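1. Attaching a predicted model along with its sequence, questions to come.
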Amino acid sequence: MRGEGGTHEPCDRRDEPQRWDAAAWADRPVVVQVCDGDDGDADDVPPWPSSSASQPSVVASMLLDLDVADGMRVLEIGTGSGWNAGLLAHRLGDANVVTVEVDQALAATARTRLAAIGLAPLVVTVDGAEGFAQRAPHDRVLATCSVVRIPLPWVRQVRVGGRIVAPWATGWTHYGTVRLRVRPDGSASGRFRAGGSFMPMRSQRSQVDSVADVLGDDKPDSSRTTLSPWEVAGRADSEADFAIGLRTSDLWHHWEDQPEDGVSTRLWVGDEAGSSWAAVDYDGRQLDTFAVRQNGPRRVWDEVEDAWDWWTSAGSPLPERFGLAVGTDGSHRVWLDEEGSEDAWYVRHPA
């Protein structure tokens, strides 16, 4: 499900130089574009971030994951502000770095910024899911947008033994980073790690804009559950969300705004196909069971409960215990601890 916005406080360097400097040097992400650059977005829709300069410590971690060496050729997916491409070009040289950006305005601005400091990596305006075959094979691919699936062109355009590093996302949560190596048979495999929450690749964004998109006129089935919705969505840590996302893959959740009592709330769950939904009510005065309504061919709350039961019975594994194998046909197989483990399953992706 798509994000629904947030606060947006623009800062102009000419008008507020101290605030601009503080934002630029802080270890925080800085939004550089909202609403895909559409300043005429609907008045009743809060501005939502569509591109940012990533948090410096996160950038450093991903560059360490990338593990570049002299002479390597790197393809970056998602130019954004151009900062990360500049770091790579400074380290490897302009000729060894290609950065692709789907947004023409962002690409042009980044190109200008880089030229102003004497750097000239190749900046190309194209959907990052396509990669960039003209410079293949690449030694490394680094994504600066989150993906729900690894595009097959990335795997095919990386040399054997080369590495792909990408922020991971599911319908349930944007959390985790996957690090893959390309194998001689054309597949790729590697492990996840904790950390990394990025804006989604535009061509992989959810097509569900709101809960209303999946609600039908049919009467839902009613039941009760002993699993608190707060256990599976909105925890202080993200490990449960990460695991549930891997197990359910194409399910999303959305918290309904709390009413005036500040206690009761509702968790909506749905599938990316828009065919099934569930609503779980949290009432602060009733903490042992929770009302559930479900509708559609899938019982999506039951799937969430199954995912939770699996995760807890497996010892609540952290992201580092999970791995991903991408087949030559584009299939995604997640595994726990070892690739040959019996605890493995194929990821469901929307059609």
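-> Happy to help now that I have it.
2. Regarding this structure, what is its longest strand?
-> In the chain, with assignment by DSSP state E, the single longest strand is strand 158-169.
3. And residue 40, what's its pLDDT?
-> Note for residue 40: predicted pLDDT of 54.
4. One more: residue 59?
-> Note for residue 59: predicted pLDDT of 86.
5. repeat for residue 216
-> Looking at residue 216, its pLDDT reads 67.
6. For the longest strand of the chain, name the packing helices and strands.
-> Using 3 or more Cβ pairs under 8 Å, 6 or more residues apart in numbering; DSSP states H and E as the contact test, the elements touching strand 158-169 are helix 56-66, strand 138-143, strand 174-182, strand 188-193. All C-beta spots, glycine's among them, are computed from the backbone N, C-alpha and C.
7. tell me the most buried of the ones you listed?
-> strand 138-143 (a mean of 25; mean count of other Cβ atoms under 10 Å).
8. Let me know the pLDDT of the closest residue in space to residue 133 that isn't next to it in sequence.
-> The shortest distance from residue 133 to any non-neighbouring residue, by Cβ to Cβ, 6 or more residues apart in numbering, is to residue 157 (5.8 Å). With respect to pLDDT, residue 157 scores 98.
9. How many residues are close by residue 194?
-> Counted with other Cβ atoms under 10 Å, residues neighbouring residue 194 total 14.
10. about what we covered before: surely the residue nearest to residue 133 and residue 140 touch.
-> No: at 10.9 Å, residue 157 does not count as touching residue 140 under the criterion of Cβ atoms under 8 Å.
11. So for the two, which residues contact both of them?
-> Listed contacts common to residue 157 and residue 140 are residue 75; contacts here mean Cβ atoms under 8 Å, 6 or more residues apart in numbering.
12. any low-confidence regions in the stretch 1-150 of the chain?
-> Low-confidence segments of the stretch 1-150 of the chain (pLDDT under 70): 1-11, 34-36, 39-45, 48-51.
13. all strands for it, in order.
-> Taking DSSP state E, counting those that start in this stretch, the strands of the stretch 1-150 of the chain run over residues 30-34, 49-53, 74-77, 97-101, 122-125, 138-143.
14. Tell me the bridge partners for residue 165.
-> Listed by DSSP bridges, the beta-bridge partners for residue 165 are residue 142, residue 179.
15. contacting residues for it?
-> For residue 165, the contact set (Cβ under 8 Å, 6+ apart) comprises 62, 65, 66, 140, 141, 142, 143, 177, 178, 179, 180.
16. let's see it at 6 Å
-> Residue 165 makes contact with 62, 65, 66, 142, 179, according to Cβ atoms under 6 Å, 6 or more residues apart in numbering.
17. how close does the last one get to residue 167?
-> When you say that, I think you mean residue 179. 11 Å (Cβ to Cβ, to the nearest Å).
18. ditto for the first one
-> When distances are taken as Cβ to Cβ, residue 62 and residue 167 turn out to be 8 Å apart.
19. go on, the fourth one?
-> The spacing between residue 142 and residue 167, counted by Cβ to Cβ, is 10 Å.
20. count of residues packed around the closest residue to residue 298 other than its chain neighbours?
-> Spatial nearest neighbour of residue 298, excluding adjacent residues (Cβ to Cβ, 6+ apart): residue 276 at 3.9 Å. By other Cβ under 10 Å, 20 other residues sit near residue 276.
21. Before I go, just wanted to say thanks for your time.
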